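Peer 1: Next come a sequence and a model predicted from it.
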Amino acid sequence: MPELPEVETVRRGLEPAMTGAVFTRVEARRPDLRFALPSGFVRRLTGQRILALARRAKYLLADLSSGEVLVMHLGMSGRFLVTAPNGELSEPGAFELDTGQGQAHDHIVFHLSNGFCVTYNDVRRFGFMDLVGRDGLEASRHLAGLGVEPLGNSLDGALIRTLFEGKAAPLKAALLDQRLIAGLGNIYVCEALNRAGLAPARAAGTLDETEAARLAQTIRDVLAEAVEAGGSTLRDYAQTDGSLGYFQHRFRAYGREGEACATPGCGGVIERFVQSGRSTFWCATCQK
DNA sequence: AATACCCCCTGAGTGC
DNA sequence: TGCACTCAGGGGGTAT
């Protein structure tokens, strides 16, 4: 389900269940997700304490007392279901709590010393988990080469100009390139470009200072608003009123083909086309 | 080096 | 009701 804001929402939802707890029992119900689980996966987790739960781009990182880090990626359809000691079920970042039919795709179950139970469910199985030594984490195959955190302090117009300098690739592709900016996905790239008034097919290297600054600001705004939308629902995420997380967020461009562009005074219509195999939604009237 | 395409997998939705 | 087809938020790998 995730882009960066959703992963952050999931992280915040898992934190109270996982941080400080010990894995008392781990169930790996199949040997692989997208990739094979690392050798000794269950053994290397069992008995370890989770010191901290962090995020880098779209990766969740559980820092373990063994000195290893449990690296988790949700792919397209990964979810975590949390069962509290009192039996209450929750799903951080979810649109709607699903208490039953997910069971067929419950692949990994973490039983924790504090009585919580955390289940990883992934229908399409594009997610994965890995164990990496803490010292080698940044150089590990998943994290090596990841670009700047878009919500960190370093992303501004000047950095975008540097990253995109000389690039003939379309803005859409450059923004999706995790080696440049890490954490943007298809939805929020469409949203940021719409708000910034920039055409997705335009060559990334052609941004001037003003445009780059505007793009940096809209990226930060779009992500921060989405995190806030997810975060603000965390305290009552167990409710099933459908007002939670990702889906509740009202996108201005994504998924709105044929609808009026939301840019004030624009009057254009959102169109859809395919770029590098993925749907792009944009307004030809206000995005130049 | 940079870009373009195909692939992994399952399910939901649509049109006939 | 069934079938065929398209589409989906991810990224890794390979071929140009």
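Peer 2: Received, thanks.
Peer 1: Roughly how far does the one residue in chain A that gets nearest to DNA strand C sit from A:Arg278?
Peer 2: Nearest to DNA strand C in chain A, going by Cβ to the nearest atom of the strand, is A:Gly185, at a distance of 1.6 Å. For every residue, glycine as well, the C-beta is placed using N, CA and C. As defined by Cβ to Cβ, to the nearest Å, A:Gly185 lies at a distance of 9 Å from A:Arg278.
Peer 1: ditto for A:Ile160
Peer 2: 21 Å.
Peer 1: just the strands in the stretch 151-288 of chain A please.
Peer 2: For the stretch 151-288 of chain A, applying DSSP state E, counting those that start in this stretch gives strands covering A:270-275, A:278-283.
Peer 1: who touches the closest residue in space to the residue of chain A closest to DNA strand C that isn't next to it in sequence in this structure?
Peer 2: The spatially closest residue to A:Gly185, leaving aside those adjacent along the chain, is A:Glu3, at 3.7 Å (Cβ to Cβ, 6 or more residues apart in numbering). When contacts are counted by Cβ atoms under 8 Å, 6 or more residues apart in numbering, A:Glu3 is found next to A:Lys58, A:Gly183, A:Leu184, A:Gly185, A:Asn186, A:Ile187, A:Tyr188, A:Ala226.
Peer 1: ditto for A:Arg220
Peer 2: Contacts of A:Arg220 (Cβ under 8 Å, 6+ apart): A:Pro150, A:Leu151, A:Leu155.
Peer 1: of all those, which comes closest to A:Glu271?
Peer 2: A:Pro150 (25.6 Å; Cβ to Cβ).
Peer 1: I figured that closest one hits A:Ala182, correct?
Peer 2: Yes: between A:Pro150 and A:Ala182 there is a contact under Cβ atoms under 8 Å: 7.4 Å.
Peer 1: quick check, A:Pro150 in a strand?
Peer 2: No: A:Pro150 is assigned coil when assessed by DSSP: H, G, I helix; E, B strand; the rest coil, not a strand.
Peer 1: Name the residues of the stretch 101-250 of chain A found near DNA strand B, please.
Peer 2: Where the stretch 101-250 of chain A comes near DNA strand B, counting by Cβ under 7 Å from any atom of the strand, the residues are A:Ala104, A:His105, A:Val123, A:Arg124, A:Arg125, A:Phe126, A:Lys167, A:Ala168, A:Ala169, A:Pro170, A:Ala173, A:Ala174.
Peer 1: start to end distance for stretch A:105-124?
Peer 2: 9 Å (Cα to Cα, to the nearest Å).
Peer 1: Can you give me the distance of the residue of chain A closest to DNA strand C to A:Ser66?
Peer 2: Noted for A:Gly185: a distance of 32 Å to A:Ser66, by Cβ to Cβ.
Peer 1: Show me which of those two is the more surrounded one.
Peer 2: Higher neighbour count among A:Gly185 and A:Ser66: A:Gly185, with 19 against 16, using other Cβ atoms under 10 Å.
Peer 1: what residues are up against the more buried one?
Peer 2: A:Pro2, A:Glu3, A:Leu4, A:Lys58, A:Leu176.
Peer 1: residue in the stretch 1-150 of chain A nearest to DNA strand B?
Peer 2: Counting by Cβ to the nearest atom of the strand, the stretch 1-150 of chain A gets nearest to DNA strand B through A:Arg124 (3.3 Å).
Peer 1: show me what contacts the closest residue to A:Asp156 other than its chain neighbours?
Peer 2: Spatial nearest neighbour of A:Asp156, chain neighbours left out: A:Ala216 (5.0 Å); criterion: Cβ to Cβ, 6+ apart. Shown in contact with A:Ala216 (Cβ under 8 Å, 6+ apart): A:Leu155, A:Asp156, A:Gly157, A:Leu159, A:Ile160.
Peer 1: Between the two ends of stretch A:31-39, how far is it?
Peer 2: First-to-last residue span, stretch A:31-39, Cα to Cα: 9 Å.
Peer 1: How many neighbouring residues does A:Ala199 have?
Peer 2: A:Ala199: 18 surrounding residues under other Cβ under 10 Å.
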